[in-house]
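[1] Model the structure of this input:
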Amino acid sequence: MSAAESAVPHPQVHALYIDHHGWLQGWLRRKLGDAFEAADLAQDTFVRLLAAPSAGAGLPVAEGALREPRAYLATVARRLLVNHLRRRSLEQAYLSALAVLPEAQTPSPEQQLIILQSLQEIDAMLDGMPPKVRAVFILSQVDGLTYAGIAEELKIGLRSVKRYMALAMTECILLAA
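    Below you'll find the model as predicted:
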């Protein structure tokens, strides 16, 4: 190993960065239409690679090099992009809801930040649930349906509703801990 390689903690990620950062940033800029957000997401992509278990060694490699480095980077970046766009959409919906509140009921900037962060955490938690579990949880907790009403709405058995709700609550408890 050369002195330059030993100074770089993750040589494969470093090589990917040197060879493909510019391309990735351009690809993201075309998707987002914003150079600053593209730069942030490109950096986040490489941070994600570095944070992966056994960074560098965990990359899907063939004889020390990725077969399709741009496809691999685009896949990681696309996942980050989807999360970014979902957070932005959630934030816009929240800001729209705030805009119609009377001034006396508008939360302080600190409270707004706490609420927005909580909404993002809830969104991430719901996104991690299987679709039926998520649907049962939302129908119960947001729409206020009874278990029998949920069973009727989703055309599933009451026993399934109870099982899905138990899974959703377990997920909530694990995330809160």
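
[2] okay, CA-based contacts and neighbour counts for the rest of this
    Will do.

[3] State the mean pLDDT of stretch 81-93.
    Stretch 81-93 shows a mean pLDDT of 89.

[4] Actually, stretch 168-177.
    For stretch 168-177, mean pLDDT is 82.

[5] in it, what's buried?
    Buried positions in stretch 168-177, judged by neighbour count with 16 or more other Cα atoms under 10 Å: Ala168.

[6] Just give me how far it sits from the chain centre.
    Its chain's average C-alpha position is 17 Å from that of stretch 168-177, according to Cα atoms, centre = their mean, to the nearest Å.

[7] Check stretch 110-125 too.
    13 Å.

[8] got it, and stretch 13-29?
    Computed by Cα atoms, centre = their mean, the chain-centroid distance of stretch 13-29 equals 21 Å.

[9] and if you look at stretch 84-92?
    Offset of stretch 84-92 from its chain centre (Cα atoms, centre = their mean): 10 Å.

[10] helices and strands around the host helix or strand of Ala93, which ones?
    Assigned by DSSP states H and E, Ala93 falls within helix 69-99. Counting by 3 or more Cα pairs under 8 Å, 6 or more residues apart in numbering; DSSP states H and E, the packing neighbours recorded for helix 69-99 are helix 11-32, helix 35-51, helix 109-127.

[11] Repeat the analysis, applying 7 Å as the threshold.
    Packed against helix 69-99 by the contact rule (3 or more Cα pairs under 7 Å, 6 or more residues apart in numbering; DSSP states H and E) you find helix 35-51.

[12] what angle sits between the helix it packs on and helix 11-32?
    150 degrees (axes from the mean of the first three to the mean of the last three Cα atoms, to 10 degrees).

[13] can you tell me the average pLDDT over helix 35-51?
    Per-residue pLDDT over helix 35-51 has a mean of 93.

[14] Could you number the chain from 21 rather than 1 from now on?
    Okay, using 21 as the starting number, the last item reads as helix 55-71.

[15] what's it packed up against?
    With contacts defined as 3+ Cα pairs under 7 Å, 6+ apart, the packing partners of helix 55-71 are helix 31-52, helix 89-119.

[16] tell me the most buried of those helices?
    Comparing the helices and strands packed on helix 55-71 by mean neighbour count (mean count of other Cα atoms under 10 Å), helix 31-52 ranks first with a mean of 17.
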